[in-house]
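A.B. asks: sequence plus predicted model, see below.
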Amino acid sequence: MAGDEIQALADTFDYMAVSLQEHIEGLQTAQKILTRQQQLLRTMLDMTPDLVSLQDAHLVYQAVNQSFLEYFGFRPEQVIGRTDVDIFPPGVAAAIRQEDLAILRTGQPLRKEVVIPRQNQKHWFHMVKVPIIDEERTVGLLLTARDITELKLYQEKLIQAVKMEELGKLAGGVAHEINTPLGIILGYAQMLLEDLPQDEESYEFIQIIEKQVKICRRIVADLLSFSRISEGSKELLDVNASLREVVQLIDHIFQQHWVHIDLALTPELPAVEGDREKLRQVWLNLLNNAFEAIGQGGTIWVRTDLCPSGQHILVSVADTGSGISPEHLPRVFDPFFSTKAPGVGTGLGLAVSYGIIQEHQGNIFVVSPRPAGYPVAPGSEPKGAGPGALFVVKLPRAGQVLMADDCENSLLHPEAAKLLSEAQGGRHGAHHGLG
């Protein structure tokens, strides 16, 4: 009996050993599968351009993907096991924490758009924060943030285009209605001036009326020009010749105020297809804008270049004027926006120029202050030069199939290229971080 019991016990141990071995092998197989799944999930998270993070119930980071680390310039050990207080500025961290605690408390997800700066550039993100629920208890927080900067830029361009079209219709109607009574007022004022003795006080009053009516007529002329952006015929044009004509027209007047125009035109540029008078109006608006910013004594640089791709022609106008303040920079192409004294400008010159260049399938950009090193090397700036501004017009050459490029950056001084890239990006203000 003892032998049989020992044999049975041995068989039981053998069976248990085999079962245990099979169980261990099953666990090892499950572990390998789980490891592969984790690696696959990690690969998927790291490959997505969206910013992804996972925090526990105490808002401690448990995992972040590669896009999150790269965007903020972190290493994994700087984030994992830490909270927002450890990795973001105090004010930003406090705002994020308050928001996250509300999500954990209510269990309600949050969706919003936020601006997150990076390397002095602002990017728009569509952010989603979702509570993680386990057995009816919130145990963590999952965040995803998708970069929608390009979408925002397209929206801005669309809004600008619609605004310009509607304002054009309004401006045209108003201008036509006002033009006739203004002409009558001016006519009668000039008749009175012919009849009144010049030494009478009333003569001076009528002169003031005449002057103000002429200002109104100039505003009406700008309105009509603004409303007719879509009209006109196009032909093959030499941009250099067009610029020379305008400079020759105004150079003498500018010289009387000691404002020098430095003209450097790249020879044998390809032709562009455009409206001769409208492009002349753009050059005149840009040069007058620079002249008024300078006032007395300064330099205006006019340059033309051909993009390395050969697809676009660049016209740049830089000055030594007073420059454009940061808060005004995003609005320089808005209709009726002007920082000039009343009666000096209508606020339509740059808006008209913007519409004309858009009509020619081109772009116009502005940066201020004028970048150091453009168009003269640092240290060789004219004496008394102000911060100035740089306008860049980009026009497609005739007969080319348009393709996107950033040739304006490749032809400018590196500092100018950097500022111009920022000018083409969003200009929205918001706090840092993902709150």
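C.D. replies: Structure received.

A.B. asks: rest of the way, CA atoms for contacts and neighbours
C.D. replies: Fine.

A.B. asks: isn't Ala264 right up against Asp305?
C.D. replies: No. The criterion here is Cα atoms under 8 Å, and Ala264 misses it with Asp305 at 9.3 Å.

A.B. asks: quick one: which of these two has more around it?
C.D. replies: Each of Ala264 and Asp305 has its neighbours counted (other Cα atoms under 10 Å); Asp305 has more, 22 against 12.

A.B. asks: check which helix or strand that one maps to.
C.D. replies: strand 298-306 (DSSP states H and E).

A.B. asks: all helices of this structure, in order?
C.D. replies: Under the criterion DSSP state H, the chain contains helices at 2-47, 66-72, 76-79, 84-87, 90-106, 149-195, 201-227, 239-256, 276-294, 349-359, 407-411, 414-424.

A.B. asks: correct me, but Thr144 touches Ser53?
C.D. replies: Yes. Thr144 is in contact with Ser53 according to Cα under 8 Å; the separation is 6.8 Å.

A.B. asks: neighbour count winner among these two?
C.D. replies: Neighbour count, other Cα under 10 Å: between Thr144 and Ser53, Ser53 has more, with 23 against 18.

A.B. asks: for that one, list each beta-bridge partner.
C.D. replies: Note on Ser53: beta-bridge partners by DSSP bridges are Val64, Leu143.

A.B. asks: give the contact list for it.
C.D. replies: Residues near Ser53 by Cα atoms under 8 Å, 6 or more residues apart in numbering: 61-65, 68, 142-144.

A.B. asks: repeat that for 10 Å
C.D. replies: If you count contacts by Cα atoms under 10 Å, 6 or more residues apart in numbering, Ser53 has them with 45, 61-69, 79-80, 129, 141-145.

A.B. asks: what does the model give it for pLDDT?
C.D. replies: On the pLDDT scale, Ser53 is placed at 90.

A.B. asks: how about the biggest strand by length in the chain: buried residues?
C.D. replies: Using DSSP state E, we find that the single longest strand of the chain is strand 121-134. Neighbour-count burial for strand 121-134, counted by 16 or more other Cα atoms under 10 Å, picks out 121-132.

A.B. asks: name the helices or strands packed onto that strand?
C.D. replies: Counting contacts by 3 or more Cα pairs under 10 Å, 6 or more residues apart in numbering; DSSP states H and E, strand 121-134 packs against strand 51-56, helix 90-106, strand 110-118, strand 137-147, helix 149-195, helix 414-424.

A.B. asks: check contacts around the closest residue in space to Pro76 that isn't next to it in sequence.
C.D. replies: Of all residues not flanking Pro76 in the chain, Leu69 sits nearest, at 7.1 Å (Cα to Cα, 6 or more residues apart in numbering). Leu69 makes contact with 46, 51-53, 75-76, 78-79 under the criterion Cα under 10 Å, 6+ apart.
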